[in-house]
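# can you look at this prediction? I've put the sequence above it.
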Amino acid sequence: SQPVMVEITFLGTGCMQPTKTRNHAGVLLSYKKENILFDCGEGIQRQMRIAGVKPAKITRLCITHWHGDHVFGIPGLLSTMGADRMSQEEDEERILHIYGPKGSKVYLTNLFKSFAAKDIIPYEVHEVVSGKAYEGEDFFLEVQKLEHSVTCIGYSFREKDKLRIDVAKAKKLGLEGPILGKLQQGQDVTVKGKKIKAKDVTYATLGKKISYVTDTVPCKGADLLAKDADLLICEGTHLDEIREKTEKSRHMTVRQAALIASENNVQKLVITHISQRYKEPSEMIEEARTYFDNSVVAEDFMKIKV
């Protein structure tokens, strides 16, 4: 069986204020039946429509912190998801799982008190400090603490390692059908009185690691999330020439993001959360590639397959 691709869709790549070309923060990760949204800035639904993403298909929402540019899209998104569910377009039983730092339950409750909320999709909030936020059959979500002006966390999507059948060896031994399934699960089998060890006819493929690190200064949590990532999506709010201003607001420069990537064996870096002061990404690309060659600057609606 072929490895499953992970698709990333950038719904918003801007900073505190949206621009004509960059919306507030939002990154969608699609894998099998999962559609995991990282942050939910204002206007996210409109971005989804343009990108061809159905709001009803979102399975998990991962919030890094509760600054407005990362959460103002939540009431609208959850209203639409609820309305879709009411119109029976979608599975009636489904609830939306929301992950966020400590305090998320109170923030969310207050958010829905601030307007005449109606038809909100049922949701469950999981407050996470660090460690595994969720574990399923094929992947888990890992969280680390980041350092910003408010409580903030970053996320890693970690696909589990898989055993695959060495087709040539299996063929040679005349193995087929359900026996292959058992071997792929790491179980030894006996065929015609002969014991066959799983390790002799399988090989391991490493699961993918995709990390989302934003609104932080360089810190241990950022390094842990970046370590050995196939894809690191990381904020680079400013160029390094104004790093004092960046540090004051507890953000990261493009150079700092690129150094995190180069020091932690990252395969590919995507810079996001870009200040409205930069109209052209060329300077940012240049600064990033000076320190880490395989860098790109995110644009709204950009898609990446991993």
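Received the coordinates, thanks.

# what residues does the longest helix along the chain touch?
Using DSSP state H to define each element, the chain has its longest helix at helix 74-86. With contact meaning Cβ atoms under 8 Å, 6 or more residues apart in numbering, helix 74-86 is reached by 37, 40, 44-45, 54-56, 58, 61, 63, 90-92, 94, 96, 108, 111-112, 114-115, 117-123. In this view, the C-beta of every residue, glycine as well, is placed from N, C-alpha and C.

# now that we have these, which of them are buried?
Neighbour counting over the contacts of helix 74-86 (16 or more other Cβ atoms under 10 Å) leaves 37, 40, 44-45, 55-56, 58, 61, 63, 90, 96, 108, 111, 120-121, 123 as the buried ones.

# quick check: phi and psi at Val213.
phi -130, psi 110 (degrees, to the nearest 10).

# how many neighbours does it have?
31 (other Cβ atoms under 10 Å).

# equivalent analysis for Lys194, please.
Neighbours around Lys194, by other Cβ under 10 Å: 8.

# for the residue nearest to Gln17 when sequence neighbours are not counted, give me its contacts.
In space, Gln17 comes closest to Gln276 once its chain neighbours are excluded; the distance is 5.2 Å by Cβ to Cβ, 6 or more residues apart in numbering. With contacts defined as Cβ under 8 Å, 6+ apart, the neighbours of Gln276 are Gly14, Cys15, Met16, Gln17, Pro18, Thr19, Arg22.

# pLDDT wise, what is the fifth one at?
Looking back up the chat, that one is Pro18. Predicted confidence (pLDDT) at Pro18: the value is 94.

# what's the burial count for it?
18.

# against Val296, how distant is the residue in the chain sticking out farthest from the centre?
Distance to the chain centre peaks in the chain at Gly193, reaching 47.5 Å (criterion: Cα atoms, centre = their mean). Going from Gly193 to Val296 by Cβ to Cβ, to the nearest Å gives 56 Å.

# what's the answer for Phe112, then?
Counting by Cβ to Cβ, the gap from Phe112 to Val296 is 37 Å.

# ok, now Thr59?
27 Å.

# and if you look at Ile58?
25 Å.

# how about the contacts made by Pro18?
Gly12, His24, Gly41, Glu42, Gly43, Gln276.

# related to what we said a few turns ago, in strands, which of the contacts of helix 74-86 fall?
Assigned to strands by DSSP state E, the following of the contacts of helix 74-86 qualify: Leu37, Leu61, Leu96, Tyr123.

# that's all I had, so thanks and see you.
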